[in-house]
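Asks: I would like the atomic coordinates for the input below:
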Amino acid sequence: MRIAINTGGGDAPGLNAVIRAASLSALNLGWEVVGIRRGYQGLFEEDGLVPLTRGSVRGITHTGGTILGTTNRGNPLQWPVEGPDGSIRLVDRSEEVVSEFKRRGLDALIAIGGDGSLRIASKLSEKGLPVVGVPKTIDNDLAATQVTFGFHTAVETATDAISKLHSTAEAHSRVMIVEVMGRGTGWIALYAGLAGTADVILIPEIPYRLDSVCERIDDRYEGDVGFAIVVAAEGAFPEGGDPVLAEKRATGKTERFGGIADQLANEIGERTGRETRSLALRHLQRGGQPNAYDRLLALQFGSAAINLVQDGHFGCMVALDPPNVLAVPLAEAVAEIRQVPLDGDVVRTARSLGISFGD
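Replies: Predicted structure coming up:
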């Protein structure tokens, strides 16, 4: 067997651990392993494939990023091509991917990515590409697996930042608004906000009312505490409103969230008269070493992916169903986004502790 591994979409702590586990598991079967640089882009470049040997994957389990590089602009189903006039048009290069994959003598692909990358992998599988998916996203929004690697490390990073803000907020009697990632879900905001003892947590699953947010903040000051911490998921939005968008991608289809913290700081400051400050953690949540949990999960996923290839079980994704790692069809894995359950124990715990969701 000659297998390939690629990483697509945003980076997440644990990618290199998956690469190492998949590579070593395959090498121990006597297979050859190569990595595709920058998603599928490497298939269109002469030097786009790199050998993955025992030496090249040694000592990378604890490192952040990905040794193969990644991109969130390399969808072969909608490949952006710039015209003579500078305009961007989208072309379908999926058939080229399949043919080039075969031309290079590759037998299987381990595609590591989030919902966008795995949707691409699912479509390529339908076109005959032998692929096994590995779920990766700090947003934890893939419904077919209980958790995705990278999520717990991102929560840890966000929690540490929120914890550090308590002292400066108290020293200056300020309202601090912290914006975390998550796209259309509130997993990071909920977990980090609860662990970081926030006073208000705003998530997309619960549209907020500014009056309720300000009421909770006023309660903090009237109770002689003198400061407040608000954690907002980037996709949070008010009742009857829309999420704040930083920009749209060049394709015009994929929106990028960003700016909710700044908007809330202005609105809360005007409404309450309190001094407010905003902070968007952004890509800090993606960087750095994966924690122990994400390393172990990534190693399990990488090894399990090779087992599926060995069994000829393609068109599926590895998924955590504790205590086991199972296989689920790719089409099923990307069918829906996993949102925070409003009747779940974590939300109930937050409410019991007096944390406001702005509703």
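Asks: starting at the chain centroid, how far to the helix or strand hosting Pro80?
Replies: Using DSSP states H and E, Pro80 sits within strand 79-82. Centre-to-centre, strand 79-82 and its host chain are 25 Å apart (Cα atoms, centre = their mean, to the nearest Å).
Asks: repeat that for stretch 74-89.
Replies: With Cα atoms, centre = their mean, you get 25 Å for stretch 74-89.
Asks: then stretch 32-50?
Replies: Distance of stretch 32-50 from its chain centroid, counting by Cα atoms, centre = their mean, is 23 Å.
Asks: surely Ala161 is within a helix?
Replies: Yes: using DSSP: H, G, I helix; E, B strand; the rest coil, the assignment for Ala161 is a helix.
Asks: quick check: phi and psi on the closest residue to it other than its chain neighbours?
Replies: For Ala161, ignoring the flanking residues on the chain, the nearest one in space by Cβ to Cβ, 6 or more residues apart in numbering is Leu281 at 5.7 Å. Heads up, the C-betas are built off the backbone N, CA and C, glycines and all. The phi/psi pair for Leu281 (degrees, to the nearest 10) reads phi -70, psi -30.
Asks: so for Leu281, what's the pLDDT?
Replies: The predicted structure scores Leu281 at 95 on the pLDDT scale.
Asks: worst mean pLDDT across the helices and strands of this structure, which element?
Replies: When each helix and strand of the chain is scored by mean pLDDT, DSSP states H and E, strand 245-248 comes last, with a mean of 74.
Asks: buried by neighbour count: which residues of the helix or strand just after that strand qualify?
Replies: Heading C-terminal from strand 245-248, the first helix or strand you meet, by DSSP H and E, is strand 255-257. Neighbour-count burial for strand 255-257, counted by 16 or more other Cβ atoms under 10 Å, picks out Phe257.
Asks: after strand 255-257, which helix or strand is next?
Replies: As assigned by DSSP H and E, the chain's next helix or strand after strand 255-257 is helix 260-272.
Asks: packing partners of that next one?
Replies: strand 175-180, helix 210-222, strand 228-233, strand 276-280 (3 or more Cβ pairs under 8 Å, 6 or more residues apart in numbering; DSSP states H and E).
Asks: gap between Gly150 and Ala298?
Replies: Distance, Gly150 to Ala298, by Cβ to Cβ, to the nearest Å: 8 Å.
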